[in-house]
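> Sequence and predicted structure are below.
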Amino acid sequence: MSKSIDYGRLMHRAMRGLIQQVLEGVAQHGLPGAHHFFITFDTTHPEAQLADWLKQRYPTEMTVVMQHWYENLEVTDDGFYVTLNFGDQPEPLYIPYDAIKTFVDPSVEFGLRFESAEAEDDEDPTPPNDDPAPHHDAEVVSLDKFRK
């Protein structure tokens with residue numbers, strides 16, 4: 001067993017599960033009311049699938065909007081497929097949950113932001129044995145600011 005609980009990774013897994021659950025509902029019933037999503041994702045993620053011209057236009061990240069027109073939404077355990085309209089040109093995309101950087105529903109002032117996996121991997125969760133672990137104040141984030 002590890003020496004510490006990796007709350008960051010556990011929280012990311014839970015947040016990605018929330019996105020999956022929301023998208024599954026949208027795939028079954030459509031977007032309710034004024035809900036719509038801005039989804040920013042890493043276009044360099046090895047499992048992301050998008051047209052070459054989109055990769056060239058957005059070499060590192062891209063924000064897509066699911067609102068008035070989308071089709072073929074298929075949600076899996078690892079990501080989702082959706083066809084979106086880019087200048088009257090329908091383009092299929094596959095966005096893995098691990099590639100998502102932000103997921104925002106501005107209609108209800110809800111948003112999730114994921115720190116990069118590289119930043120997580122660079123951090124050493126175990127302090128050196130000869131130095132005591134530094135104490136840091138915990139940051140409490142209120143979810144009230146995302147509620148209407």
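The structure has been received and is ready for your questions. Please read all numbers here as calculations on a predicted model, not as lab measurements.
> Now do the SS call for T83.
strand (DSSP: H, G, I helix; E, B strand; the rest coil).
> That one against P90, yeah?
Yes. Applying CB atoms under 8 Å as the test, T83 and P90 come out as touching, 5.2 Å apart. In this view, the C-beta of every residue, glycine as well, is placed from N, C-alpha and C.
> where do the contact lists of those two overlap?
Taking CB atoms under 8 Å, 6 or more residues apart in numbering as the contact definition, T83 and P90 share the neighbouring residues E71.
> got the residue ranges for the strands in the chain?
For the chain, the strands identified by DSSP state E occupy 37-42, 61-66, 70-75, 79-85, 90-96, 100-105, 110-113, in order along the chain.
> Compare those strands and report which one is nearest to G8.
Between G8 and the strands of the chain, the shortest gap by CB to CB is with strand 110-113, which sits at 12.5 Å.
> Show me how far the closest one is from its chain's centre.
Using CA atoms, centre = their mean, to the nearest Å, the mean C-alpha position of strand 110-113 is found 9 Å from that of the whole chain.
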